[in-house]
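Participant: the following block contains a protein sequence and its predicted model.
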Amino acid sequence: RQSQHQRQAPPMSPRGSSRVSEPPATSGDARHVELRLVEGIENLREAFARKLIDLEQGISQRLQGLVEGVDAQRQDLGTQANRIATTEQLVARHVSSIARLEASVAAAAPAE
């Protein structure tokens, strides 16, 4: 055990923490060890909570980006579907016109 005259500097508080620590005890004191353990556990909990929040925000942003991408692709597919439908209608009209022209040519051709 260290003598009562040798005291350690008080533990540094974690960044952003407004927690006031108790006066330091001697390094050999069980209470000091307990306080250091409690403080360490609290620091780990705070760091873990911050990390979870960061992860949640990152996941949320990624999901939002994916949703926006899917929406954009859905709109593009809708536009393409409309263009295909319009093209099909034009092709059907041209096929009909070609069929009428063939019928007119066949009717106008001299009989053999």
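Facilitator: All right, it came through fine. Source: prediction; values computed, not measured.
Participant: which ones are touching the spatially most central residue of the chain?
Facilitator: Nearest residue to the geometric centre of the chain (C-alpha atoms, centre = their mean): Arg62, 1.6 Å. By C-beta atoms under 8 Å, 6 or more residues apart in numbering, Arg62 lies in contact with nothing. Just so you know, the C-beta spots here come from the backbone N, C-alpha and C atoms, and that holds for glycine as well.
Participant: okay, and it sits in which element?
Facilitator: helix 30-108 (DSSP states H and E).
Participant: any idea how far that helix is from the chain center?
Facilitator: 12 Å (C-alpha atoms, centre = their mean, to the nearest Å).
Participant: mind checking the SS state of Pro110?
Facilitator: Using DSSP: H, G, I helix; E, B strand; the rest coil, the structure places Pro110 in coil.
Participant: from now on call the first residue 41
Facilitator: Shifting the count to begin at 41 puts that one at Pro150.
Participant: give me the neighbour count for it.
Facilitator: 4 (other C-beta atoms under 10 Å).
Participant: backbone dihedrals for it, please?
Facilitator: phi -70, psi 140 (degrees, to the nearest 10).
Participant: so what pLDDT did it get?
Facilitator: Note for Pro150: predicted pLDDT of 79.
Participant: how close does it sit to Ser100?
Facilitator: 78 Å (C-beta to C-beta, to the nearest Å).
Participant: same question for Asp69.
Facilitator: Using C-beta to C-beta, we find Asp69 at a distance of 46 Å from Ser100.
Participant: of these two, who's got more company?
Facilitator: Set Asp69 next to Ser100 and count neighbours by other C-beta under 10 Å: Asp69 wins out with 14 against 10.
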